[in-house]
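J.: What follows is a protein structure lacking sequence information:
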């Protein structure tokens with residue numbers, strides 16, 4: 001008797017992706033990130049694929065590490081160094097980030113974005129993760145200063161936050177304490193490189209498995225397999241149209257990774273969605289992004 005692979009269910013995933021009750025899922029993964037870290041941005045395709053294929057097995061918790069924030073941000077020579085790192089990382093990862101931001105519109109206060117994320121989190125972790133992703137899109141693709149309060153407000157509005165509450169919380173001690181708590185977790189878990197992932201199972205007495213840096217997708221799958229002593233078949237991804245409708249803006253690289261497609265095949269398939277008027281092409285310095293567009297009603 002043949003068995004069929006389960007299909008990734010977008011609706012169920014939206015409801016459960018940010019469930020932080022570890023008891024409901026066998027694993028919890030701590031993702032240590034910084035909103036200004038291009039390597040963290042480069043990890044997004046792998047995170048997407050893990051969520052699609054094995055999202056029923058784990059919940060995600062994003063922890064802000066503040067490693068990039070420790071840089072001497074006011075040093076113009078340092079701006080040039082950061083720009084070079086961004087360009088090299090984008091070229092390597094396929095996730096575009098434009099280093100010219102640092103010579104044209106440098107981030108004036110790197111801590112502001114992290115505090116803003118914790119302010120967003122006060123309205124729920126689901127919204128906070130959407131806010132973080134939007135910040136990454138703003139800074140890496142749009143070259144926006146995500147320490148600017150107008151940009152942060154625009155971002156909050158675009159992901160559906162209560163803007164008035166957000167603006168109050170961003171100046172509150174709660175957001176600041178939340179960020180300090182994340183920094184404490186980073187220190188206690190001895191995380192010295194970002195991005196890092198730490199995998200925990202339900203046995204709180206066992207130490208987590210820490211993976212520093214970015215590796216191939218297969219490495220993370222093997223860790224899941226080792227912790228759980230085996231894995232079910234990976235879920236099949238949804239249709240491309242469902243995928244882009246769910247995530248709103250996706251990189252060519254994310255589609256390549258999730259669907260095991262070549263760059264040329266992605267271009268071909270996405271052109272079909274452009275013709276159907278459900279997607280539009282967003283050129284970037286490195287690679288391409290695709291934005292979901294509401295199909296006009298007749």
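T.: Arrived safely. Predicted, not measured: the structure shown is a model, and the values here were computed from it.

J.: Mind checking the pLDDT average for the helix or strand residue 265 falls within?
T.: Secondary structure from DSSP states H and E places residue 265 in helix 263-275. Averaged across helix 263-275, the pLDDT comes to 96.

J.: Stretch 25-42 too?
T.: For stretch 25-42, the per-residue pLDDT averages 94.

J.: again with stretch 200-220
T.: The model assigns stretch 200-220 a mean pLDDT of 89.

J.: Tell me the buried residues in it?
T.: Using 16 or more other C-beta atoms under 10 Å as the test for burial, stretch 200-220 gives 200, 208, 210-211, 214, 217, 220. No exception for glycine: its C-beta is placed from N, CA and C like everyone else's.

J.: Just the ones of these in helices?
T.: Among the buried residues of stretch 200-220, DSSP state H puts 217, 220 in helices.

J.: Just checking, which helix or strand of this structure averages the lowest pLDDT?
T.: helix 10-16 (a mean of 49; mean pLDDT, DSSP states H and E).

J.: what helices or strands is whichever helix or strand comes after that helix leaning on?
T.: Later in the chain than helix 10-16, the nearest helix or strand by DSSP H and E is strand 27-33. Counting contacts by 3 or more C-beta pairs under 8 Å, 6 or more residues apart in numbering; DSSP states H and E, strand 27-33 is packed against strand 58-64, strand 196-201, helix 217-228.

J.: and of those, who's closest to residue 117?
T.: Comparing the helices and strands packed on strand 27-33 against residue 117 with C-beta to C-beta, the closest turns out to be strand 58-64 (6.3 Å).

J.: Pull out the buried positions in the helix or strand following that closest one.
T.: Using DSSP H and E, the next helix or strand after strand 58-64 towards the C-terminus is helix 76-93. Of all the residues in helix 76-93, those buried under the rule 16+ other C-beta under 10 Å are 79, 82-83, 85-87, 89-90, 93.
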